[in-house]
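Novice: Next comes the sequence, and after it the predicted model I'd like to discuss.
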Amino acid sequence: MWQVLVLLLSAVSFLTPHDCVAQNRSFLIGGVFGLTGEAAAFGREELNAAQLAIEEVNAQGPIHLTLKVEDSASTGLGTVSAVKKLLELDGIKYIIGPTWLDTFQGCLPLIERRGVLAISPSASMPVMKRAPSQYPLVFSTYFNFQREVSALMENASRQGLKRVTILFDQDPYFVEMRRIANEAAKNFSIEIVVDQEFSSGETNFHPLILQAQRARSDAMIFASANHASALAFVKQRNQLAPSLIILGSHDFEGHERNPAFGGLLHNILYMAPDKPSQDFLTRYRDKYSTTPIMTAPNSFDSVMFLSNALRSGAQTPEQVAGYLQHTEHDSVSFGKVRFSVYGGIESGNFIARGALINDRR
């Protein structure tokens, strides 16, 4: 009997961390993406990239990931329903997403009550968290949108644009972006001559465009989470004031692929996140025969960071959160990164995109 006990103890003593992880090598993770509705341009890219990452993780071993996907329908109610279904029916402990979590924040209390870890590819932490201790199991691989606004203002200044109108909808993301834009304008000697907000879904922009003209605006910073609003605005700008430049958010990268905007996007300048790593671009193109846009690389990173935590031996959401918070990560989006105390990425470089007919430099 004692000989058997010695053999068992000897076997345990030679277990490596790799062996320990291998004992629980299969993980079911949830994915909440906006596959329909306003966020679909983001959500579909995020799902594609997440699936690509999971294929690569499973090929590498020693862990195996299975992704259970729910469509948030790009609404607050849809996001809560999708998260609730994953938690209650599937017992999910880890979620990739939700898409636009900073806009659809209603699921955050549910995530916190259940002790679930969520890594969103498209959420700005300053919009969601007012203190580092708030929602400690929620992370985001999204870029630093303060850098986006600063880069937009810097490029506007280079174009000689000095008098600017701000037109933002009331989405929480854009409310914060509007505040940052007002602050950033001062750094580049740009005067905000009109500062207006509008309701999501608004389609009559004639009064606001005419107001911008009367204020002798050189450009209008426009941002809306609603496609109908964005399309209506672009059409009406082209009719009423085609020479007024639109300074846009990164959403215009999605509009450029939307046939409804075909032929309408001129005299526009917007910022897009810098290109992800070439290896990721190649692998994504090989799988989907298209170039990734929006938050595809951020979603890939989300899965990879989670998988690395699970490979390390972290099992509970709290252990995974500790790994994420205290580890330097290799990302395809930004190179080497760390999470801030708020759980967000501080990095993010931007490139100017768009079609400016009148180059004022």
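Specialist: Nice, thanks for sending it over.
Novice: Tell me what Asp169 is bridged to.
Specialist: Note on Asp169: beta-bridge partners Phe198, judged by DSSP bridges.
Novice: As a check, name the ranges of all helices in the stretch 51-200 of the chain.
Specialist: Taking DSSP state H, counting those that start in this stretch, the helices of the stretch 51-200 of the chain run over residues 76-90, 108-114, 125-128, 145-158, 172-187.
Novice: I meant to write the stretch 201-350 of the chain there.
Specialist: Taking DSSP H, counting those that start in this stretch, the helices of the stretch 201-350 of the chain run over residues 206-214, 227-240, 252-255, 278-288, 296-311, 317-326.
Novice: ranking the ones you listed by burial, who's on top?
Specialist: Greatest average neighbour count among those goes to helix 296-311 (a mean of 26), per mean count of other C-beta atoms under 10 Å. For every residue, glycine as well, the C-beta is placed using N, CA and C.
Novice: packing partners for that helix?
Specialist: Packing partners of helix 296-311 (3 or more C-beta pairs under 8 Å, 6 or more residues apart in numbering; DSSP states H and E): helix 40-60, strand 94-96, strand 117-120, helix 278-288, helix 317-326, strand 329-331.
Novice: switch to 7 Å and redo it
Specialist: Where contact means 3 or more C-beta pairs under 7 Å, 6 or more residues apart in numbering; DSSP states H and E, helix 296-311 is packed against helix 40-60, strand 94-96, strand 117-120, helix 278-288, helix 317-326.
Novice: As CSV, those with mean pLDDT and distance to Asn298 would be great.
Specialist: Listed next are the helices and strands packed on helix 296-311 as CSV, based on pLDDT from 0 to 100; distance: least, C-beta to C-beta, whole Å:
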stretch, mean pLDDT, distance to Asn298
helix 40-60, 97, 7
strand 94-96, 98, 10
strand 117-120, 98, 9
helix 278-288, 97, 11
helix 317-326, 97, 14
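Novice: Nearest to Ser140 among those would be which one?
Specialist: Among those, the nearest to Ser140 by C-beta to C-beta is strand 117-120 (4.7 Å).
Novice: so can I have JSON lines of the helices and strands packed on helix 296-311 showing distance to Leu265?
Specialist: Listed next are the helices and strands packed on helix 296-311 as JSON lines, based on distance: least, C-beta to C-beta, whole Å:
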{"stretch": "helix 40-60", "distance to Leu265": "14"}
{"stretch": "strand 94-96", "distance to Leu265": "31"}
{"stretch": "strand 117-120", "distance to Leu265": "28"}
{"stretch": "helix 278-288", "distance to Leu265": "23"}
{"stretch": "helix 317-326", "distance to Leu265": "38"}
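Novice: what bits of this structure have low per-residue confidence?
Specialist: Low-confidence segments of the chain (pLDDT under 70): 1-24, 357-361.
Novice: per-domain residue ranges of it.
Specialist: Each domain of the chain is listed here as a residue range: 2-142+295-327, 145-275+349-355, per automatic domain parsing.
Novice: Confirm Val32 sits in a strand?
Specialist: Yes - the assignment for Val32 by DSSP: H, G, I helix; E, B strand; the rest coil puts it in a strand.
Novice: So Leu325 versus Ser26, what's the distance?
Specialist: Actually, residue 325 is Gln rather than Leu. Taking C-beta to C-beta, to the nearest Å as the measure, Gln325 falls 25 Å from Ser26.
Novice: Phi, psi for the spatially closest residue to Asp279 that is not a sequence neighbour please.
Specialist: Excluding the flanking residues, the one nearest Asp279 by C-beta to C-beta, 6 or more residues apart in numbering is Val332, at 7.3 Å. Per-residue torsions, Val332: phi -80, psi -20 (degrees, to the nearest 10).
Novice: Now do the contacts for Val332.
Specialist: By C-beta atoms under 7 Å, 6 or more residues apart in numbering, the residues touching Val332 are Pro276, Ser277, Phe280, Pro297, Phe300, Asp301.
Novice: Touching, the third one and Ala296? I think so.
Specialist: Right, Phe280. No - counting by C-beta atoms under 7 Å, Phe280 does not reach Ala296; the two are 8.5 Å apart.
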